[in-house]
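Engineer: Predicted model, plus sequence, below.
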Amino acid sequence: MTKTDRLYYTDCYLREFQARVLRSEVAPNGFKVYLDRTAFYPSSGGQPADFGAIAGIPILEAVDEGDEIAHLLRQAPEADVVSGKIDWARRFDHMQQHTGQHILSAAFERIGNYKTVSFHLGEDSSSIDLDSDRLGVKQLEEAEDAANQVVFENRPVRISFQPAGEASRLELRKPTAREGEVRLVEVEGFDLSACGGTHVSGTGAVGLILVRKVERMKGLTRVEFLCGGRAQRQARQDFRVLSEAARLFSAARDTVPDLIAKQSQELREGVRGREKLLERLAEYQAKELWQAAPVTGGRRVLRQVFPAEESAQAKMLAHALAKLPGAVALFGVKGEPTKLFFAQTAGGTSDMGSVLKQTLTKFGGKGGGARDFAQGGGLEEGRLEEALAYAQALVAQADRPGLSGPGP
Ligand SMILES: [Zn+2]
């Protein structure tokens, strides 16, 4: 077995190359193709694999198998010598994110000795985990400023190789356990790391480094960040969202947070005001109903079925009626589930809790309450009228003590 010559180790800007096919093996989703040399970066160290094509056949994945790199292809190439072509947009994006990560990690070390314990380069954003959960906005902004300063200075990024023994004597940001030859990535005067990833040749090519989300976990802080093209696209998207919000308010962008706070406050006050008005309305309606209701057994019994959307009003109306002399409200509300509100003027002769219980026992559903107010529901919508009539008969029975109930 020969080692795959990793062309990206020494030239991260190589996009096309020629190679000899050593062998192809059948794999679950196609073929694993081995070349004598490759510019394709395999998934490792937090950085995803390069895509592109070998002999015109798209690459599905590149896997680091130690000495060799396996290229996963849907079909095996027929020729012995093939050309490889890297998906450059994807690769360059990875170079921006990965070099940006080295700079940002070094910046966190500089500003507060926060050490990076892991790195993930994702489809949409990347993240590093720092070994402390005690970072605030101040530390994040300081690190972001320090990192971008290094970008603005356009420092050289150099790749070199050292025997492991030599490398262990250097001031690496993170000690390496690698043996043999160690690949070093240096951001001039700022960071020195053992790393096998692909990197830009000068810090200016990283573009803006933008810290985004921060998530605190036990003993760790996960810092999400975007570099270069990703930072630009995100800034554009943020600008669009903010501009749209400002347009909806017919206001300047920087006033949007204050306007949202003000409108939320007005909305809360509006809802409270509406509730008060509905209560007042219920009082007037209750008076009208009370006056029009016939007096039986010295009381005025009001029986009514409301549509589902008037549930809140029905309840308020029942309470309002119970404030008037000698009133009984037996209200049903349609909907899923149905509702019942039974109320009487304080000191009335019925026990509304008991009337509700008896009604529910006969018609189904659940609920409960006290002597002057009870609520429940869940019975069949089609039997609401019947249930209210039954409840009214129970109430009438209380007004004429000694008579038998309304029957089964
Ligand atoms: Zn790295």
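Structural biologist: That came in fine, so what should we check first?

Engineer: Tell me how many other residues surround the residue in the stretch 51-200 of the chain that the ion sits nearest to.
Structural biologist: The ion sits closest to Cys195 of the stretch 51-200 of the chain, with a gap of 3.2 Å, by C-beta to the ion. C-beta coordinates here come from the backbone N, C-alpha and C atoms, glycine included. By the criterion of other C-beta atoms under 10 Å, Cys195 has 26 neighbours.

Engineer: what's near enough to touch it?
Structural biologist: Under the criterion of C-beta atoms under 8 Å, 6 or more residues apart in numbering, the contact list for Cys195 reads 45, 102, 183-185.

Engineer: Out of these, which end up buried?
Structural biologist: Neighbour-count burial (16 or more other C-beta atoms under 10 Å) applied to those gives 102, 183-185.

Engineer: Looking at those residues, which two lie furthest apart in space?
Structural biologist: The largest separation in those, counting by C-beta to C-beta, is between His102 and Arg183 at 12.9 Å.

Engineer: about what we covered before: the contacts of Cys195: which two are farthest apart?
Structural biologist: Going by C-beta to C-beta, the pair spanning these furthest: Gly45 and Leu184, at 13.9 Å.

Engineer: Look up phi and psi at the residue of the stretch 51-200 of the chain closest to the ion.
Structural biologist: Note on Cys195: its backbone torsions stand at phi -160, psi 140 [degrees, to the nearest 10].

Engineer: same thing with the one 5 residues further on?
Structural biologist: Recorded main-chain torsions at Val200 are phi -70, psi 160, according to degrees, to the nearest 10.

Engineer: That one touches Ile159, doesn't it?
Structural biologist: No: at 11.0 Å, Val200 does not count as touching Ile159 under the criterion of C-beta atoms under 8 Å.

Engineer: The top helix by length along the chain - contacts with which helices or strands?
Structural biologist: Using DSSP state H to define each element, the chain has its longest helix at helix 256-292. Contact partners of helix 256-292 among helices and strands, from 3 or more C-beta pairs under 8 Å, 6 or more residues apart in numbering; DSSP states H and E: helix 228-249, strand 299-306, helix 311-321.

Engineer: And the pLDDT at the residue of the stretch 51-200 of the chain closest to the ion?
Structural biologist: Cys195 carries a pLDDT value of 94.

Engineer: what's the answer for the one 3 residues further on, then?
Structural biologist: As summarised for this prediction, Thr198 has a pLDDT of 97.

Engineer: now it, nearest residue through space, not along the chain?
Structural biologist: Cys12 (4.5 Å; C-beta to C-beta, 6 or more residues apart in numbering).

Engineer: Near the ion, which residues of the stretch 51-200 of the chain are found?
Structural biologist: Contact residues (C-beta under 5 Å from the ion) of the stretch 51-200 of the chain with the ion: 195, 197.

Engineer: Do a quick rundown of the strands in the stretch 51-200 of the chain.
Structural biologist: 52-54, 57-64, 69-73, 81-86, 116-121, 126-130, 157-163, 181-187, 191-194 (DSSP state E, counting those that start in this stretch).

Engineer: could these go into CSV alongside distance to Gly353?
Structural biologist: Listed next are the strands of the stretch 51-200 of the chain as CSV, based on distance: least, C-beta to C-beta, whole Å:
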stretch, distance to Gly353
strand 52-54, 76
strand 57-64, 69
strand 69-73, 72
strand 81-86, 78
strand 116-121, 60
strand 126-130, 58
strand 157-163, 79
strand 181-187, 77
strand 191-194, 74
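
Engineer: Deepest in the core, which of these is it.
Structural biologist: Ranked by mean neighbour count, the strands of the stretch 51-200 of the chain are led by strand 69-73 with a mean of 23 (mean count of other C-beta atoms under 10 Å).

Engineer: Can you tell me what sits against that one?
Structural biologist: 4, 6, 27, 29-35, 38, 40, 42, 54, 57-63.

Engineer: That one versus strand 57-64: what angle between them?
Structural biologist: 150 degrees (axes from the mean of the first three to the mean of the last three C-alpha atoms, to 10 degrees).

Engineer: For Ala387, see how far away the nearest residue to Asp36 once chain neighbours are set aside is.
Structural biologist: Leaving aside its chain neighbours, Asp36 sits nearest to Arg20 (4.5 Å; criterion: C-beta to C-beta, 6+ apart). In this view, Arg20 and Ala387 are 87 Å apart by C-beta to C-beta, to the nearest Å.

Engineer: For those two, work out which one has more neighbours and name it.
Structural biologist: Here Arg20 and Ala387 are compared on neighbour count by other C-beta under 10 Å; more neighbours surround Ala387, at 23 against 12.

Engineer: list the contacts for Gly298?
Structural biologist: Per C-beta under 8 Å, 6+ apart, neighbours of Gly298: 326, 399.

Engineer: mind redoing it with 6 Å?
Structural biologist: By C-beta atoms under 6 Å, 6 or more residues apart in numbering, no residues touch Gly298.

Engineer: For the residue nearest to Thr198, what is the enclosing helix or strand?
Structural biologist: When elements are assigned from DSSP states H and E, Cys12 belongs to no helix and no strand.

Engineer: Settle this for me: it is touching Val200, isn't it.
Structural biologist: No: applying C-beta atoms under 6 Å, one finds Cys12 not in contact with Val200, separated by 7.4 Å.

Engineer: So between those two, which is more surrounded?
Structural biologist: Cys12 (23 against 20).
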